[in-house]
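Trainee: Provided below are the primary sequence and the corresponding predicted coordinates.
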Amino acid sequence: MEIKIPENCNPITREKFEAIESYDHYEDAITDLNQAFHESYNNLIHRTYERLGKETTPVIVMAHEEVMLFHNGKQETVNVIPELYHKLKSIGHVSFGVYVTLADNGYGELRPDIRENLERQKYLIDRALKYIEYDPLPLKYMATQRLTLESARDIIAEVLAAGEVDEDKLLAFSKKSAPLYLEGAGIGARLEIEMLHETVMNWIDRIGDENWENIYVVVCAAHQGRYRETTLQYFQQLLHEQEGLAAEMEDRVIYAEHIEEPQAALDLLARHIVDRRASIDLFGSATRLQRDLMSDGASDYLEELLAE
């Protein structure tokens, strides 16, 4: 069957329309019926997408270092990651970088390539220690960051002198580094949230309380960080949303895995809105379509199939 695509369809939704004909690998009346469903579904997605970012439906998209406001048909973008954040993050990566280098070698004699890598890392750490003396970090962060660098430099020196990676010494280094790493990460979270909060509060003043009640937020980040991601926590608490392990608890704040482009984030949001409304009307539950539709049937059958 011929799929009709709206003329002003956004590129992401257009791709969904164009993919409809590839969903089924056979041709018959049932295939046509299935494709007709997807066409109708994507038409509703398109119309929902068109309403996002208008005066009464503002949207915030958080992607990497930038937070974007879509409102009144316009987009405003603010970078919420200060330079200090990057410096602290880079220092924090040193401990992890040394660990993975030594783990790559494994316990025992040092490989030539690992020795070369460690020598380079030690050189860079020495440069960084001199740099923070010349251009110091804020005093309240200085001691921890210097200790992080010095600990990494010392374990490298020990390994290079011994010519081998000792299990006890590596584990001791890891145990010492972990709290320093987490402390630095905590500082980074504070810096990011401070700037994000200032930006969002300014937006609320401009949007107005009435429109703010209709706000949606999409947080774009990687799969691994989904649970308790920093900015996700911020928006969940700001909008009084419940925290969950996956998508089931998402309402006005949603998490977009492996999505980087704002258009793709808005397309996902449109599908979230449509599915949530359908879930309420069909199943009497806003969250039923935020998990696999076959999940209940699968659980029932697996209990029967694998029963002792």
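Mentor: Cool, got the structure.

Trainee: Report the beta-bridge partners for the most centrally placed residue in the chain.
Mentor: The chain has residue 221 as the residue nearest its centroid, 1.9 Å off, counting by C-alpha atoms, centre = their mean. Beta bridges link residue 221 to residue 257 when assigned by DSSP bridges.

Trainee: Touching, it and residue 257? I think so.
Mentor: Yes - in this structure, residue 221 is within contact of residue 257 by C-beta atoms under 8 Å, at 7.3 Å. Where C-beta positions appear, they are placed from N, C-alpha and C, glycine not excepted.

Trainee: re the thing from before, separation between the residue nearest to the centre of the chain and residue 259?
Mentor: 9 Å (C-beta to C-beta, to the nearest Å).

Trainee: now do residue 76
Mentor: 20 Å.

Trainee: So the two - more neighbours on which side?
Mentor: Taking other C-beta atoms under 10 Å, residue 76 and residue 259 do not tie; residue 259 has more neighbours (20 against 15).

Trainee: need the contact list for that one.
Mentor: 63, 218, 220, 265, 268 (C-beta atoms under 8 Å, 6 or more residues apart in numbering).

Trainee: Please identify the helix or strand for it.
Mentor: According to DSSP states H and E, residue 259 maps onto no helix or strand at all.

Trainee: likewise residue 274?
Mentor: Here residue 274 sits within helix 262-283, counting by DSSP H and E.

Trainee: now what about the following helix or strand past that helix, what contacts it?
Mentor: Proceeding N to C from helix 262-283, the next assigned helix or strand is helix 295-305, under DSSP H and E. With C-beta under 8 Å, 6+ apart as the contact definition, helix 295-305 has outside contacts at residue 292.

Trainee: what's the offset of helix 295-305 from the middle of its chain?
Mentor: The gap between where helix 295-305 is centred and where its chain is centred comes out at 32 Å by C-alpha atoms, centre = their mean, to the nearest Å.
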